[in-house]
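> Quick one: sequence and predicted model below, then my questions.
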Amino acid sequence: MDVIYNIFAILEKAIVDGLTPGLGAEAALAVMAFIKIFMVANVGLIMVMVFIYMERRVLGRFQVRLGPNRVGPEGILQPLADAVKIMIKEDIIPKAADRLIFNMAPIMAFVPIMLVFAVIPFGVGVAGGQTYYMTVANLDIGILYVLAVTSLGEIAVFMAGWSSNNKFALFGAMRAAAQLVSYEIPLVLAVVGVVIVTGSLSLVKIVEAQAVPFIFMQPLGFVIFITAVSAELNRTPFDLLEAESELVTGYHIEYSGMKFGMFYLAEYLAAFAFSAVISTLFLGGWMGPVLPSYVWLLLKALFVFFLFIWVRATLPRVRIDQVMALAWKFLLPLALINIGITAVEALLWPTFPWFLAPVNIGIGVLVTWALAAAFRKVWEPRWKPGQFAPTPAGG
Amino acid sequence: MYGLGILKGMAVTLRHLFKKPITVEYPEEQVPRAARFRGYEFVWYEERCTGCASCAKFCPLGIIRIETSPEQDPGVGGKYKLEKFDIDTGRCMFCALCVEACPYDALFMGSTFERGSYSRAGLVVHKEDLNKGVKKPSVYYRPHLEAAGYHSEKELSAKEVGRW
């Protein structure tokens, strides 16, 4: 059993120790880094297929139908069939498109998301008395790196929308620019709470600090983060920059073939990346009983993605002004209040004992309720329940 | 309480997750059809048909083609020999007036719907096709079959299908 738990650590130690006499320590580590990058990139792409398959099947069951089940046993080869289809499709570039930017945008969408996987700790193992973390780069500023790199994806969205020379693509891109920039702020501020509790920006340290998963220590932060992430991922309550029914898929309307495939891939890769980041920040990352650490992280990521699918199956799309109002008038104050509460707690109980978990859940519910009431009564006073249009002043 | 509506909605979708999917996986299984289903592939019994061509006369589109030849004088209660009995189902609108017109319980609506073809000519049902076809008639306009509780589940012979 010990071997299974530590298999990757043992392999890493064996490879590094085996190569060091021949190549020197630094070259051995470089080779190891390449092997890790290869493995992580492949895990990412395989998980994309798992996610696409899971989304279609689970969404199908939510809608009381079966979902794809024809290609291979129970339809598990459906993502492969889709990939083959997308690769043999004709690649169309509009005549009026800005060709260079048009061709660069899919790559721009794909690469930053791939970079996120460099810092995600997939697990931990012990070999020869030494602890090995299953991450390509154990950065001290891991979470900052994740936030910085994922923000680049929105440039790709705007490049695609603008270069297509299509009004719907441009609408989608404008909405994307507004929405993604707005949601970046509560996203970052929600992470600050976690960072205060942990005292470190390193994802490895954040996981190791979670004797009690931070979903209990930072319930408010979790809710803000998961809401902001679903806006960042353009998933359904906030998918109005794709908006099939009004923008006919928005910024990638003019893309076909493998270029569209890259956007599709990047979308699900981002879903996996953020699911893994949420698991790392709030659900205890690789930690868990019985199963090996790397299995736990993937299971938690799948669970988070299930939450996203569940929300997608339930909630309708909101309007652009509602999206903006939610980000600036609701999530941003909530995130600031969360930081304040966490900071006070950090001064009073620097070790963050377990009893803060129920306290924080209570405070979270109370603050959310109060802010929601204020949102209705103060910021949106014209809009009363049961009333269909705002009445003019004095009317 | 704010946010309760969202939780309520989430609970509804979660309940649906555990329901049995209503999908009927078509090639393997089929949606159950009504007994009076007016399906494709007419069921026709040559033994019962006298060649009176009532069906052809009643067809509003004139798509039933019957050619007969008397071997000898059929006489009272006799029948003509049928050379041709073709139905051009490509133009058929399944009004079932032919079935209603048949005085000898020889022509029935079918209970199936799988007779796709790549050409117009393939849609013409010939006498040979009708003889070879699955004899599972629909009970449309055949109250004696309906009264017997028949639901197109088994093939019926020319003896079993008529009133006499």
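Good, I have the coordinates.
> Give me the nearest residue to A:Glu55, chain neighbours excluded.
Excluding the flanking residues, the one nearest A:Glu55 by C-beta to C-beta, 6 or more residues apart in numbering or on different chains is A:Ile309, at 5.6 Å. Any C-beta I mention is one placed from the backbone N, CA and C, and that applies to glycine too.
> What of A:Glu232?
A:Tyr183 is the one closest to A:Glu232 (C-beta to C-beta, 6+ apart), at 5.6 Å.
> still on that earlier bit, how much space between the residue nearest to A:Glu55 and A:Arg317?
Using C-beta to C-beta, to the nearest Å, we find A:Ile309 at a distance of 16 Å from A:Arg317.
> who's more crowded, those two?
Legend: neighbour count by other C-beta atoms under 10 Å in any protein chain shown for A:Ile309 and A:Arg317, higher for A:Ile309 (23 against 17).
> ok, then the element right after whatever helix or strand the more buried one lives in?
Assigned by DSSP states H and E, A:Ile309 belongs to helix A:293-314. Per DSSP H and E, the first helix or strand lying C-terminal to helix A:293-314 is helix A:320-325.
> longest helix anywhere in the chain?
Since no chain was named, I'll use chain A. helix A:25-62 (DSSP state H).
> The chain in question should be chain B.
Identified as the longest helix of chain B according to DSSP H is helix B:4-17.
> Just list what that helix packs against, helices and strands only.
helix A:25-62, helix A:293-314 (3 or more C-beta pairs under 8 Å, 6 or more residues apart in numbering or on different chains; DSSP states H and E).
> Give me the mean pLDDT for that helix.
Helix B:4-17 shows a mean pLDDT of 88.
> residues of the helix holding A:Ile309 that come out buried?
The neighbour-count check on helix A:293-314 (16 or more other C-beta atoms under 10 Å in any protein chain shown) flags A:293-298, A:300-302, A:304-305, A:308-314 as buried.
> From A:Asn138, how far off is the spatially most central residue of chain B?
In chain B, the C-alpha nearest the mean C-alpha coordinate belongs to B:Gly110, at 1.5 Å (C-alpha atoms, centre = their mean). According to C-beta to C-beta, B:Gly110 and A:Asn138 sit 71 Å apart.
> Torsion angles phi and psi at A:Val126?
Backbone geometry at A:Val126, expressed as degrees, to the nearest 10, gives phi -120, psi 130.
> contacting residues for it?
By C-beta atoms under 8 Å, 6 or more residues apart in numbering or on different chains, the residues touching A:Val126 are A:Asn6, A:Ala9, A:Tyr132.
> Which pLDDT value goes with it?
82.
> Okay, and the beta partners of it?
Listed by DSSP bridges, the beta-bridge partners for A:Val126 are A:Thr131.
> out of everything not next to it in sequence, what's closest to A:Gln218?
Nearest one to A:Gln218, counting by C-beta to C-beta, 6+ apart, is A:Gly193 at 4.9 Å.
> pLDDT wise, what is residue 82 at?
Just so you know, I chose chain A. At A:Asp82, pLDDT is 87.
> wait, I meant chain B there
pLDDT, B:Leu82: 86.
> Just the CA atoms of the longest strand along chain B, as PDB, please.
Criterion DSSP state E: the longest strand present in chain B is strand B:81-88. Presented in PDB, the C-alpha positions along strand B:81-88 are these (Å, rounded to 0.1, in the frame of the first residue of the first chain):
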ATOM      1  CA  LYS B  81     -57.000 -13.300 -60.000                       C
ATOM      2  CA  LEU B  82     -54.900 -10.400 -58.900                       C
ATOM      3  CA  GLU B  83     -52.100  -9.500 -61.300                       C
ATOM      4  CA  LYS B  84     -51.000  -6.300 -59.600                       C
ATOM      5  CA  PHE B  85     -51.800  -4.700 -56.200                       C
ATOM      6  CA  ASP B  86     -49.400  -1.700 -55.800                       C
ATOM      7  CA  ILE B  87     -49.700   1.100 -53.300                       C
ATOM      8  CA  ASP B  88     -47.600   4.200 -53.900                       C
END
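> Could I get the CA-only coordinates of stretch A:292-303 as CSV?
Only the C-alpha atoms of stretch A:292-303 are listed here, as CSV (Å, rounded to 0.1, in the frame of the first residue of the first chain):
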residue,chain,number,x,y,z
PRO,A,292,-3.9,8.1,-2.4
SER,A,293,-3.4,11.8,-2.4
TYR,A,294,-3.4,12.3,-6.2
VAL,A,295,-6.8,10.4,-6.4
TRP,A,296,-8.2,12.7,-3.8
LEU,A,297,-7.4,15.8,-5.7
LEU,A,298,-9.0,14.5,-8.9
LEU,A,299,-12.1,13.4,-7.0
LYS,A,300,-12.5,16.8,-5.4
ALA,A,301,-12.0,18.5,-8.7
LEU,A,302,-14.7,16.3,-10.2
PHE,A,303,-17.0,17.1,-7.3
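> Can you tell me what sits against it?
Contacts to stretch A:292-303, defined as C-beta under 8 Å, 6+ apart, come from residues A:4-5, A:7-8, A:47, A:50, A:54, A:120-125, A:134, A:272, A:275-276, A:278-280, A:283-288, A:291.
> what do you get for stretch A:365-374?
Taking C-beta under 8 Å, 6+ apart as the rule, stretch A:365-374 contacts A:Leu220, A:Val223, A:Phe330, A:Pro333, A:Leu334, A:Ile337, A:Asn338, A:Ile341, B:Met1, B:Tyr2, B:Gly3.
> how about these, which pair is most distant?
Based on C-beta to C-beta, the longest span within the contacts of stretch A:365-374 runs between A:Ile341 and B:Met1 and measures 21.1 Å.
> okay, those two: which has more neighbours?
A:Ile341 (21 against 9).
> Kindly confirm my reading that that one is in a helix.
Yes: judged by DSSP: H, G, I helix; E, B strand; the rest coil, A:Ile341 forms part of a helix.
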